[in-house]
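Peer 1: next comes the sequence, and after it the predicted model I'd like to discuss.
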Amino acid sequence: DTGVSQDPRHKITKRGQNVTFRCDPISEHNRLYWYRQTLGQGPEFLTYFQNEAQLEKSRLLSDRFSAERPKGSFSTLEIQRTEQGDSAMYLCASSLVTASSYNEQFFGPGTRLTVL
Amino acid sequence: QKEVEQDPGPLSVPEGAIVSLNCTYSNSAFQYFMWYRQYSRKGPELLMYTYSSGNKEDGRFTAQVDKSSKYISLFIRDSQPSDSATYLCAMSAFSWGKLQFGAGTQVVVTP
């Protein structure tokens, strides 16, 4: 399977614990995005990387959130001291930015986080 | 007020009917307009994108963008039960940019 993969698919944690999610983009895609989707809402942008550089962060991404993309390959999203409000689906997407007219973002299946 | 507004539905139609979905937006910087389909507990998948104003057709799907009214639409002809999903509109200012999504409309096509 050559699509975007995310691990784990589901995570249940207790409030105050730290969690880390992984995203493996489509091979050679140079841009990687993280979004968060709560029940009944569309995905909301969190941050994106161009290769290993984090170029933009949403104000939704509080100090408890950190994302990395070492070597411009896979990415991790860590949430420290989780709160019940962090419960959501965390989606990763990747794209190959070229000079073409549109650069489609391909989404992974998401990691569903439940904070008890 | 959200930048992108979309009626969450649910929208229930009989098989074979035309499904009509729409979104309004407030940010005039948006140039790219997309429709994604999302099945339960799955990631969104791109159905169609349109650059600037105009119409675009792909099989049973037609997307329309009216930038002067800040209004976009998606029509699904000859709807099938397999079309039952949540349809998300999304927009961006640049082809590579972050996406701003609507809330999604749940569509149910009954046999």
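Peer 2: Cool, got the structure. Numbers count the residues shown, from 1 in each chain, chains lettered A, B, ... in the order given.
Peer 1: residue of chain B nearest chain A, please.
Peer 2: When CB to the nearest CB is the measure, chain B has its nearest residue to chain A at B:Phe101, with 3.1 Å between them. No exception for glycine: its C-beta is placed from N, CA and C like everyone else's.
Peer 1: check contacts around the closest residue to that residue other than its chain neighbours.
Peer 2: In this structure, B:Phe101 finds its nearest non-sequential neighbour in A:Gly42, 3.1 Å apart by CB to CB, 6 or more residues apart in numbering or on different chains. Counting by CB atoms under 8 Å, 6 or more residues apart in numbering or on different chains, A:Gly42 makes contact with B:Val4, B:Gln6, B:Leu88, B:Ala90, B:Phe101, B:Gly102, B:Ala103, B:Gly104.
Peer 1: ok, so of those residues, who is nearest A:Phe65?
Peer 2: Proximity of the contacts of A:Gly42 to A:Phe65, judged by CB to CB, is greatest for B:Phe101, which lies at 19.1 Å.
Peer 1: beta partners of that closest one?
Peer 2: Beta bridges link B:Phe101 to B:Ala90 when assigned by DSSP bridges.
Peer 1: returning to what we had before: helix, strand, or coil at the residue nearest to B:Phe101?
Peer 2: When the structure is reduced to helix, strand and coil (DSSP: H, G, I helix; E, B strand; the rest coil), A:Gly42 reads as coil.
Peer 1: now it: phi and psi?
Peer 2: For A:Gly42, the backbone dihedrals (degrees, to the nearest 10) come out as phi -80, psi 160.
Peer 1: and it, how far is that from B:Pro10?
Peer 2: Between A:Gly42 and B:Pro10 the distance, using CB to CB, to the nearest Å, works out to 15 Å.
Peer 1: and for A:Glu68?
Peer 2: From A:Glu68 over to B:Pro10 the distance is 39 Å, taken as CB to CB.
Peer 1: over to A:Thr38?
Peer 2: Distance from A:Thr38 to B:Pro10, counting by CB to CB: 18 Å.
Peer 1: again with A:Ala99
Peer 2: 41 Å.
Peer 1: these two: who's more crowded?
Peer 2: When neighbours are counted by other CB atoms under 10 Å in any protein chain shown, B:Pro10 comes out ahead of the other of A:Ala99 and B:Pro10, with 11 against 6.
Peer 1: flag every buried residue along stretch A:105-116.
Peer 2: Residues A:Gln105, A:Phe106, A:Phe107, A:Gly108, A:Pro109, A:Gly110, A:Thr111, A:Arg112, A:Leu113, A:Val115 are the ones in stretch A:105-116 that count as buried (16 or more other CB atoms under 10 Å in any protein chain shown).
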